[in-house]
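>>> predicted model and sequence below, questions to follow.
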Amino acid sequence: MQFDIRRLDIYRKIPKDLTQPTYTGACISVLSIVFISYLLVAELYAYISPELVSELFVDDPAKHYDRIPVHIDISLYNTKCEFIGLDIQDDLGRHEVGFVEDTKTTPIYGNNGCRIEADFQINKVPGNFHISTHGNKKQPAVVDMTHFIREVRFGDQVYINPARIEASFNPLAYQDKKEKENAQHSHDYFLKVVPSIYKDTAGSEKYPYQYTYAHRSYIQYGHGHRVSAALWFRYDLSPITVKYTEKRLPLYTFLTMVCAIIGGTFTVAGIFDSLLFTATETFKKFQIGKIS
């Protein structure tokens, strides 16, 4: 006797003329397909979007640099480029006035203001960098430090989802200090810089730095005389490191969820449809008196 492989079919088919379509079943089928489609799209998005896992420990990823790279992009509304410069100081005795390497100044606002962009490195100790007219022999009649900050960034640049985490690497972005009444004020930004490690799904690592800040503006005096206004960024490094690691769900997990969504939805929908059909048929029989 020849073996018929069709005997192994656990999905036996019922002839179409033995089945009965209903309006209720059609509605449930359409709703099931819409529901399945929604869950599948959501599950696919969750699969392709890596999960971001964070951990804290005491370390110094800045050891990968002799110094920490810094990038700034700041516009001064009412001080010309010919007067301003970048000064860098720290607790190791560094004191550079008028830092010019990798510094670009662009006149703006009809040549009455200046946009300064700079890339430089700082030692891994507390210090400050500031924009001022201190290194210029020629001084403007009024030193006006009203400003707009596009970027103050430490370490590598990274793009992280969610955006609220990415914003912590450049929280000073879009700070607009344009108060007319405080035109001659100095501005102090006190930065608490936190070393970070960012590891993507490919295994490559970057070393950005998060930071928080506090701000104050004031008229500065020294030896009984008013001191020219400046824009200060005073920083201190935290000993705690934050490590972010991107992790994706394994493929088998995604496939398991897809099967669970499809199978579970059709099973529940089938049970619901059977209950409705049985209840409807029972009600019809009751109306015609077949059920007393």
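Happy to help now that I have it. Since this is a predicted model, take the numbers as computed values, not measurements.

>>> so how far is I122 from R234?
12 Å (Cβ to Cβ, to the nearest Å). No exception for glycine: its C-beta is placed from N, CA and C like everyone else's.

>>> my bad, should have said V158
To I122, V158 is 19 Å away according to Cβ to Cβ.

>>> check L18 too.
Taking Cβ to Cβ, one finds L18 at 81 Å from I122.

>>> picking that back up, the more surrounded of R234 and I122?
Neighbour totals were compared for R234 and I122, and I122 leads with 24 against 16 (other Cβ atoms under 10 Å).

>>> mind checking how far the residue nearest to the more buried one when sequence neighbours are not counted is from S32?
Take I122 and drop its neighbours on the chain: the residue closest to it by Cβ to Cβ, 6 or more residues apart in numbering is I68, 5.3 Å away. Distance check for I68 against S32: by Cβ to Cβ, it reads 56 Å.

>>> list the residues that contact the residue lying closest to T133 once chain neighbours are set aside.
Once flanking residues are discounted, T133 sits nearest to F83: 4.7 Å by Cβ to Cβ, 6+ apart. When contacts are counted by Cβ atoms under 8 Å, 6 or more residues apart in numbering, F83 touches 133, 136, 138-140, 143.

>>> just these now: which is nearest L251?
Taking Cβ to Cβ as the measure, L251 sits nearest to T133 out of those, at 60.2 Å.

>>> what's the neighbour count on the closest one?
21.

>>> confirm for me that it is in contact with T79.
Yes. Using Cβ atoms under 8 Å, T133 is in contact with T79, at 7.4 Å.

>>> who are the neighbours in contact with the residue nearest to I122?
62, 121-124, 154-155, 209.

>>> D188 too?
Residues near D188 by Cβ under 8 Å, 6+ apart: 215-218, 232, 234.

>>> pLDDT of the helix or strand in which it is found, averaged?
For D188, the host element (DSSP states H and E) is strand 186-199. Mean pLDDT, computed over strand 186-199, is 92.

>>> can you name the next helix or strand after that strand?
Using DSSP H and E, the next helix or strand after strand 186-199 towards the C-terminus is strand 205-206.

>>> hey, C-alpha coordinates of whatever helix or strand comes next after that following strand in PDB?
Downstream of strand 205-206, the first helix or strand assigned by DSSP H and E is strand 208-218. Output of strand 208-218 as PDB, limited to C-alpha atoms (Å, rounded to 0.1, in the frame of the first residue of the first chain):
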ATOM      1  CA  PRO A 208      30.700  62.300  24.100                       C
ATOM      2  CA  TYR A 209      30.200  64.300  27.300                       C
ATOM      3  CA  GLN A 210      26.900  65.200  28.800                       C
ATOM      4  CA  TYR A 211      26.600  68.300  31.000                       C
ATOM      5  CA  THR A 212      24.200  70.300  33.100                       C
ATOM      6  CA  TYR A 213      24.500  74.000  33.600                       C
ATOM      7  CA  ALA A 214      23.500  77.000  35.800                       C
ATOM      8  CA  HIS A 215      23.500  80.600  34.500                       C
ATOM      9  CA  ARG A 216      23.900  84.000  36.100                       C
ATOM     10  CA  SER A 217      24.400  87.500  34.600                       C
ATOM     11  CA  TYR A 218      26.000  90.300  36.500                       C
END
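
>>> what about the host helix or strand of Y45, average pLDDT?
Per DSSP H and E: Y45 is located in helix 23-48. Averaged over helix 23-48, pLDDT sits at 88.

>>> run the chain-centre distance for that helix.
When distances are taken as Cα atoms, centre = their mean, to the nearest Å, helix 23-48 is centred 30 Å away from the chain's centroid.
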